[in-house]
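S.K.: Predicted model and sequence below, questions to follow.
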Amino acid sequence: MESQRAITYYRRSYTATRHKMRAAGAVPRVWYHQCKVVRRRATEWRDRAGHAREALGDWIDYHYNWRKWLPGNWYVVGRCETGYGGAPNWNHSNSSFVSAFGISRSIYDYDARLAGTPPWNDAHPPTPREQLLTAQAHYNRFGDGWGCPGP
């Protein structure tokens, strides 16, 4: 019975971690009755949950650790457009402009589609990496149209 609880715990942990990365969760629940099978499956789910936690750390670093990977020229655009002299505001949204790079709300979603990133959602804005990719797609379409020094 203890191993059954372990399976449930690790499956929940695995599913919750994958959900944070916007990825698919666990497989449907199956009850096992032989003790050695249950112990083996508990170990498998423990390992999966551990790997999912590691993957989440890598995913967060790739998408949110912008100080490490954001090119300086794009930092200047974000700082000027939405950071007001400070760090870019990755949650910036008003009636006209969205994203840290101040892209027009009316064309952001089309640029995001070109970049292969999700559209703007005020409740859950795209990650900094996704905003950069969208801004680069916008730049490829229109060139330097920012009021601040462009990329």
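M.R.: Cool, got the structure.
S.K.: Straight-line length of stretch 18-35, end to end?
M.R.: Start-to-end span of stretch 18-35 (CA to CA, to the nearest Å) is 28 Å.
S.K.: Likewise for stretch 76-88?
M.R.: Across stretch 76-88, first to last residue, CA to CA, it's 9 Å.
S.K.: what's the answer for stretch 90-108, then?
M.R.: Stretch 90-108 end-to-end distance (CA to CA) = 14 Å.
S.K.: Show me how far it is from its chain's centre.
M.R.: Here stretch 90-108 is found 18 Å from its chain centre; the criterion is CA atoms, centre = their mean, to the nearest Å.
S.K.: That one: which residues count as buried?
M.R.: 90, 92-93, 97-103, 108 (16 or more other CB atoms under 10 Å). For the C-beta atoms, the positions are set from N, CA and C on the backbone; glycine is no exception.
S.K.: Tell me which residues are up against it.
M.R.: With contact meaning CB atoms under 8 Å, 6 or more residues apart in numbering, stretch 90-108 is reached by 66, 74, 77-78, 81-83, 88-89, 111, 119-120, 122, 125-128, 131-132, 134-135, 138, 146.
S.K.: So for that stretch, mean pLDDT?
M.R.: For stretch 90-108, mean pLDDT is 93.
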